[in-house]
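this is a predicted model, with the sequence first.
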Amino acid sequence: MSPKSPFTNHLRRLRFEHEEMTQEELARRVSVTRQTIIALEANRYVPSLLLAVRLARVFRVGVEEVFVLPEEKKEPPRGAPQRDPD
């Protein structure tokens, strides 16, 4: 089983914004199976960098506009002064 993707994506929305492109058509354009597109849209598959770039190019957007990595809890940089809780 493929790992659950840490990314969320906008593939479904982008497909519909581009003349309601089917999963099959998108799969053909990026040289994968329709099942791969289904898994990507369900966040059940982590795409390779190559596939992520191909998908972005189909929609003429940046990879960051297709895939979003939710913000992780940020730790303060080492050596940064610590704030005192009020």
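Received it, and whenever you're ready, just let me know what you need.

low-confidence ranges, this protein, go.
1-3, 72-86 (pLDDT under 70).

quick test: name the residue nearest the centre of it.
F67 (2.4 Å; Cα atoms, centre = their mean).

contacts only, for that residue.
By Cβ atoms under 8 Å, 6 or more residues apart in numbering, the contact set of F67 is F7, T8, N9, H10, P47, A52. C-beta coordinates here come from the backbone N, C-alpha and C atoms, glycine included.

okay if I get those as TSV plus neighbour count?
TSV is the format used below for the contacts of F67 (neighbours: other Cβ atoms under 10 Å):
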residue	neighbour count
F7	16
T8	11
N9	19
H10	15
P47	22
A52	19
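
rewinding a little: how near is the residue nearest to the centre of the chain to R28?
Distance from F67 to R28, counting by Cβ to Cβ, to the nearest Å: 20 Å.

by residue count, tell me the biggest helix in the protein.
As assigned by DSSP state H, the longest helix anywhere in the chain is helix 49-59.

wait, doesn't V68 sit right on N9?
Yes. At 7.0 Å, V68 counts as touching N9 under the criterion of Cβ atoms under 8 Å.

which stretches of the protein form strands?
Secondary structure of the chain (DSSP state E): strands at 8-9, 67-68.

straight-line length of stretch 11-24, end to end?
End-to-end distance for stretch 11-24: 13 Å, by Cα to Cα, to the nearest Å.

list the buried ones in it?
L11, L14, R15, M21, Q23 (16 or more other Cβ atoms under 10 Å).

please name the nearest non-neighbouring residue to the residue nearest to the centre of the chain.
The shortest distance from F67 to any non-neighbouring residue, by Cβ to Cβ, 6 or more residues apart in numbering, is to F7 (4.5 Å).
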